[in-house]
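J.: 3D, please:
(chains A, B, C and D)
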Number of protein chains: 2
Amino acid sequence: MKTIKDVARMAEVSVATVSRVINESGYVNVDTRKRVEAAIKEINYTPNEVARSLYKRKSKLIGLLLPDITNPFFPQLARGVEDRMQEHGYRLIFGNSDENEVKELDYIRTFVQNNIIGVISSTNYPESDIYQKLKIPIVFLDRTSDDNPSVYADVREGGRIAAREIVDRGSKRITILQGPAHIKPAQDRYLGAIEVLDELGITYNVIQTSSFSYTDAEQWAKEIFDKYIDTDGVIASNDIIATAVLREAYRLGKAVPEDVQIIGFDDIPLSSLLSPSLSTIRQPAYDMGREAAGLLIKLIEQDKVDEKIIQLPVSFVERETTRRKN
Amino acid sequence: MKTIKDVARMAEVSVATVSRVINESGYVNVDTRKRVEAAIKEINYTPNEVARSLYKRKSKLIGLLLPDITNPFFPQLARGVEDRMQEHGYRLIFGNSDENEVKELDYIRTFVQNNIIGVISSTNYPESDIYQKLKIPIVFLDRTSDDNPSVYADVREGGRIAAREIVDRGSKRITILQGPAHIKPAQDRYLGAIEVLDELGITYNVIQTSSFSYTDAEQWAKEIFDKYIDTDGVIASNDIIATAVLREAYRLGKAVPEDVQIIGFDDIPLSSLLSPSLSTIRQPAYDMGREAAGLLIKLIEQDKVDEKIIQLPVSFVERETTRRKN
DNA sequence: TTGTACGCGTTATCAC
DNA sequence: GTGATAACGCGTACAA
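T.: This is a model prediction of the structure:
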């Protein structure tokens, strides 16, 4: 690895001068600048970011903590974050937390050990000491925490929309799959849904779920039609769960959407490809990622930021698991 | 941030001693060790990895370069890599390359600037100077490069299997979707398939594709039944493309698998959830990721490694887009 | 306009 | 057993 000294020697100047041309700080004669630049090119020098980081006590690294990149919702978030960060010259250290606080703590620790300058996290424990004691900017993605910086979709409204749409389309005996208790946005959509249902005086049943795993979901799907046999509308906690419900309905010979309507949440790529394709509440995942990155960059580069909370709208995506509105 | 000096001061020893207890190098009296450990806990000290990295000229960071995390095949790879790396105390710097050599170069550069100790890359340009000049271990994942370390599935055999299975199940006029020309494993499965077809004397048509995007795939799907109207079997370059074909067949009122059989490649999570579910050639993506990580770790930690090439088997996953074998 | 010298936090070498 | 100290590569006072 070439160092700044090599450049200095080759250009016959001091390292300070080389540093000046690299960082465009301080005066440097046009000719010497040229000599230095030539030398840099000549030996193909690139500055050692580690040394920089040590001296400045900050790197160009961002920590990204997601529950599980294998869950189709998160790659979109990740890609949004990465694209924006990349444009600004920041790089990502990435980890899967599995919604596990210990794992998160472990990652956050190594993040700061590496002089990371900011973190983006989809955590269920935003109030944890891990985050509250952190001295670098953090933005919560797809999660909220009082007035800490965060980017999320208006999932509560999403829940309301789901309820409204399914009722408008004629479902009268609705079963709601309430998402995992420890995942806040899952609870929020649930709350939004029952809020509307209560208001409308529609009866509904609730099945509590504890994960977003498809395999688990198959059980809950069975449970629906087992316990609440006359269900004619299902509001699922996300698209994966909705898919399991769809398949179970199919297995039982129920017509979708004629006998049962199904609404998912997220609009992951899968949803449009199913037959029938899944009606769902869309979260703009990629944009959420980009926004989170943008917000973090602001937090890092500016001392003041006015909008610390960014809420993005969700929208109903009408596809084939709901009936046409008349 | 607390430093080793703070610990030294608190324990009333020199930094050298602290360093010794941390790294378990050299002798240190039991009592002083205890004092140091107490101090470390007391002020909650964790070593600065950046300083370490600067001194040792190597970090605990690994670079991971994938084409696009948004393509459902790659999250599984990524997760496999991450899990294994995490177990060994290594962290990942991650980037999407978009199969773009310039972007790759840019990432690799910043990787080495950060004293990364190894890289895992799914590149189309393994022979590029970028990689050949790299002085740190690299393993190619889902790609090959002569005798450079690499981990990949036996996709050529996968192509053969696909051809054999579809023929065994009665297809006689087969259309093959040849994957993007610049993606080696895509070509390999194509080669495997025609190898068998030629051998068997089965006629087939080929449609050249240039991406794995679903939107693009819709066009090629149309093209199949447009140009080769009597096609009764389709070997797709991957599951995403196969899905587009499936939907097009459905749109045209063709019965699958009765009129047309379809075989995909990869076995992404989506495939089992379609109706009819997709028969496909399974790549053990998660395991590939784990293996790649394992191999890289060996390369880093040992000076000699016997198995530099790891080829994993693929397997036919029989689902509903192929007929039952009689 | 340019160069010298120090410090960032750590580890390793060499005295003691 | 333990402590000074040089070195890792860089950026910045400060001096020249």
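J.: show me where the stretch 151-300 of chain A has helices.
T.: Using DSSP state H, counting those that start in this stretch, the helices of the stretch 151-300 of chain A run over A:155-168, A:184-200, A:214-227, A:239-251, A:285-301.
J.: closest to DNA strand C out of the ones you listed?
T.: DNA strand C lies closest to helix A:285-301 among the helices of the stretch 151-300 of chain A, at 19.1 Å (Cβ to the nearest atom of the strand). C-beta coordinates here come from the backbone N, C-alpha and C atoms, glycine included.
J.: packing partners for that closest one?
T.: helix A:73-87, strand A:118-121, strand A:138-141, strand A:150-153, strand A:309-312 (3 or more Cβ pairs under 8 Å, 6 or more residues apart in numbering or on different chains; DSSP states H and E).
J.: can you lay out these as JSON lines showing mean pLDDT?
T.: Output for those, formatted as JSON lines (pLDDT from 0 to 100):
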{"stretch": "helix A:73-87", "mean pLDDT": "98"}
{"stretch": "strand A:118-121", "mean pLDDT": "98"}
{"stretch": "strand A:138-141", "mean pLDDT": "97"}
{"stretch": "strand A:150-153", "mean pLDDT": "98"}
{"stretch": "strand A:309-312", "mean pLDDT": "97"}
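J.: so which of the ones you listed gets nearest DNA strand C?
T.: Nearest of these (Cβ to the nearest atom of the strand): strand A:118-121, 18.7 Å.
J.: low-scoring stretches of the stretch 101-250 of chain A, by residue?
T.: Within the stretch 101-250 of chain A, the set of residues satisfying pLDDT under 70 is empty.
J.: for it, which residues are neighbours of chain B?
T.: A:109-110, A:112-115, A:214, A:243, A:247, A:250 (Cβ under 8 Å from any Cβ of the partner chain).
J.: ok so, going back, can I get the helices and strands packed on helix A:285-301 in CSV including distance to DNA strand D and mean neighbour count?
T.: Shown next, in CSV, are the helices and strands packed on helix A:285-301 (distance: least, Cβ to the nearest atom of the strand, whole Å; neighbours: other Cβ atoms under 10 Å in any protein chain shown):
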stretch, distance to DNA strand D, mean neighbour count
helix A:73-87, 20, 22
strand A:118-121, 20, 27
strand A:138-141, 25, 26
strand A:150-153, 31, 26
strand A:309-312, 32, 16
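J.: which of the helices of the stretch 151-300 of chain A sits closest to DNA strand D?
T.: That would be, of the helices of the stretch 151-300 of chain A and by Cβ to the nearest atom of the strand, helix A:285-301, which comes in at 15.3 Å.
J.: how far out from the middle of the chain is the closest one?
T.: 11 Å (Cα atoms, centre = their mean, to the nearest Å).
J.: tell me, how many neighbours does the nearest residue to A:Leu77 once chain neighbours are set aside end up with?
T.: Of all residues not flanking A:Leu77 in the chain, A:Gly289 sits nearest, at 4.2 Å (Cβ to Cβ, 6 or more residues apart in numbering or on different chains). Per other Cβ atoms under 10 Å in any protein chain shown, the neighbour tally for A:Gly289 reads 28.
J.: which pair in the residues of the stretch 101-250 of chain A next to chain B spans the largest distance?
T.: By the measure Cβ to Cβ, A:Asn115 and A:Tyr250 form the most distant pair in these, at 52.6 Å.
J.: picking up where we left off before, contacting residues around the residue nearest to A:Leu77?
T.: Remark: with contacts taken as Cβ atoms under 8 Å, 6 or more residues apart in numbering or on different chains, A:Gly289 is in contact with A:76-84, A:141.
J.: quick one, domains of chain A?
T.: Residue ranges for each domain of chain A read A:4-47, A:61-153+A:285-314, A:155-284, as given by automatic domain parsing.
J.: buried stuff in stretch A:240-250?
T.: With burial defined by 16 or more other Cβ atoms under 10 Å in any protein chain shown, the residues of stretch A:240-250 counted as buried are A:240-249.
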